[in-house]
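Asks: I would like to see how this sequence folds:
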Amino acid sequence: MNSVTVRLQSTVACAWRLQTTRNSRRIPASPLHCHGALNTDLPPVKTNARYYCCRMEQRKGLLFRQLFESSSSTYTYLLADSDSKEAVLIDPVLETVDRDIKLIDELGLSLKVAVNTHCHADHITGTGLLKKRLFGLKSAISKLSGATADILLSEGDSITFGKHCLTVRETPGHTDGCVTLVAGDQSMAFTGDALLIRGCGRTDFQQGCSKRLYESVHGRIFTLPDHCLIYPAHDYKGQTVSTVEEEKKYNPRLTKTLEEFVDIMNNLNLPKPKKIDIAVPANLVCGLHDI
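Replies: Numbering: from 1, shown residues only. Next up is the predicted model:
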């Protein structure tokens with residue numbers, strides 16, 4: 001079994017070891033033929049420290065960028081192997097496709113896979129337009145989402161880019177097809193809407209189930225190492241990253257009992273997402289609707 005060691009420097013240092021597991025079905029990133037309060041105990045993150053973090057990641061073989069779309073408060077994540085230049089894009093947004101392509105071109109990357117953590121209801125994915133503009137790009141989404149994509153992901157699958165990979169953990173509850181993408185050494189997790197920073201995705205539409213979401217987070221995300229960095233698909237309060245340990249301690253919903261959590265989720269009384277009627281049909285066909 002081959003392994004590669006990369007170190008990520010956050011405000012403090014944390015280890016990053018990527019390795020292939022025997023029981024994971026690996027899906028290459030190359031072309032395929034298959035179908036809320038802050039933790040005040042922690043020091044503030046400084047801009048220069050975060051810049052240093054990015055530089056260290058790149059020197060050690062991983063390029064990582066966190067991008068933001070303001071109207072839907074969506075985070076898009078770009079990860080790339082610094083040597084091969086193969087890249088993966090997580091949760092692209094239609095309105096920011098030009099920005100993403102410009103960045104990919106500036107960094108000299110070859111985008112192999114654009115993956116959605118679930119079928120979004122608040123924005124149209126940029127995957128379809130990216131496929132039209134970037135030759136050879138493959139789209140990916142959970143098989144259980146019911147959506148169309150080049151790669152249909154299931155539990156234990158891996159998306160590889162260069163010598164790095166992301167492993168799929170199915171985390172339904174917000175929708176049936178929600179997945180969390182975990183770095184090979186379990187030091188980073190891209191949780192979509194299943195787990196947000198001091199919150200979670202709603203469960204009142206699109207196959208939502210509070211009990212399933214609670215079990216997914218506690219059984220599939222909170223079992224990751226405490227130091228694992230949590231990168232969600234959205235944030236509405238200006239927070240960019242959390243950790244498993246923080247969310248286990250401070251998440252105001254998921255620190256409750258199952259019964260308390262279900263009661264909280266049943267009484268959120270949130271308005272219907274403004275774009276749900278156009279976003280869901282578009283995202284079921286890879287974002288190609290009306291493009």
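Asks: Around residue 68, how many other residues sit close by?
Replies: Using other Cβ atoms under 10 Å, residue 68 is surrounded by 15 other residues. Every C-beta, even on glycine, is put in place using the N, C-alpha and C of the backbone.
Asks: so what's it closest to, chain neighbours aside?
Replies: Spatially, and ignoring its direct neighbours in sequence, residue 68 is nearest to residue 75 (6.0 Å; Cβ to Cβ, 6 or more residues apart in numbering).
Asks: likewise residue 239?
Replies: Nearest to residue 239 is residue 197, by Cβ to Cβ, 6+ apart, at 4.4 Å.
Asks: For the one you found, list the residues it contacts.
Replies: 36, 230, 232, 235, 237, 239, 241, 242, 247 (Cβ atoms under 8 Å, 6 or more residues apart in numbering).
Asks: Distance check, residue 154 against residue 167.
Replies: Between residue 154 and residue 167 the computed distance is 11 Å (Cβ to Cβ, to the nearest Å).
Asks: of these two, who's got more company?
Replies: For residue 154 versus residue 167, neighbours defined as other Cβ under 10 Å are more numerous around residue 167 (24 against 13).
Asks: How confident was the prediction at that one?
Replies: What the model reports as pLDDT for residue 167 is 98.
Asks: And what about it, helix, strand or coil?
Replies: strand (DSSP: H, G, I helix; E, B strand; the rest coil).
Asks: I'd like the distance from residue 177 to residue 238, if you could.
Replies: With distances taken as Cβ to Cβ, residue 177 is found 28 Å from residue 238.
Asks: again, but for residue 76
Replies: 17 Å.
Asks: Could you look up the SS state of the spatially most central residue of the chain?
Replies: Compute the mean C-alpha point of the chain, and by Cα atoms, centre = their mean the closest residue is residue 190, 3.2 Å away. Following three-state DSSP, we place residue 190 in the strand state.
Asks: which residues does it bridge with?
Replies: Per DSSP bridges, the residues bridged to residue 190 are residue 181, residue 231.
Asks: quick one: contacts for it?
Replies: 77, 90, 91, 117, 166, 180, 181, 182, 231, 232, 233.
Asks: Let me see the contact set for the second one.
Replies: So that's residue 90. 76, 77, 78, 79, 115, 116, 117, 181, 190.
Asks: Could you report the distance from it to residue 205?
Replies: Computed as Cβ to Cβ, the residue 90 to residue 205 distance reads 23 Å.
Asks: next one: the fifth one
Replies: Distance check for residue 166 against residue 205: by Cβ to Cβ, it reads 27 Å.
Asks: just the third one next, same as before
Replies: Here residue 91 is placed at a distance of 19 Å from residue 205 (Cβ to Cβ).
Asks: returning to what we had before: neighbour count: residue 177 and residue 238, which is higher?
Replies: Taking neighbours as other Cβ under 10 Å, residue 177 and residue 238 compare with residue 177 leading, 24 against 9.
Asks: Quick check: closest non-adjacent residue to the more buried one.
Replies: residue 145 (2.6 Å).
Asks: can you count the residues close to that neighbour?
Replies: Neighbours of residue 145 under the rule other Cβ under 10 Å: 24.
Asks: residues in contact with it?
Replies: Counting by Cβ under 8 Å, 6+ apart, residue 145 has contacts 116, 118, 119, 175, 176, 177, 284.
Asks: Neighbours of the first one, how many?
Replies: Meaning residue 116. 28.
Asks: Distance of it relative to residue 161?
Replies: Where residue 161 is concerned, residue 116 sits at a distance of 16 Å (Cβ to Cβ).
Asks: cool, the second one as well?
Replies: Here the distance between residue 118 and residue 161 works out to 21 Å (Cβ to Cβ).
Asks: again with the third one
Replies: When Cβ to Cβ is the yardstick, residue 119 and residue 161 sit 23 Å from each other.
Asks: Same question for the fourth one.
Replies: Applying Cβ to Cβ, the value for residue 175 to residue 161 is 25 Å.
Asks: higher neighbour count, those two?
Replies: Comparing residue 175 with residue 161 by other Cβ under 10 Å, the one with more neighbours is residue 175, at 30 against 24.
Asks: Hmm, the more buried one is touching residue 120, no?
Replies: No: contact between residue 175 and residue 120 fails when scored by Cβ atoms under 8 Å: they sit 9.0 Å apart.
Asks: Please enumerate the helices of the stretch 1-150 of the chain.
Replies: For the stretch 1-150 of the chain, the helices defined by DSSP state H, counting those that start in this stretch occupy 47-59, 97-106, 127-133.
Asks: And the shortest one, what does it pack against?
Replies: In terms of contacts (3 or more Cβ pairs under 8 Å, 6 or more residues apart in numbering; DSSP states H and E), helix 127-133 is packed against helix 97-106, strand 110-115, strand 138-142.
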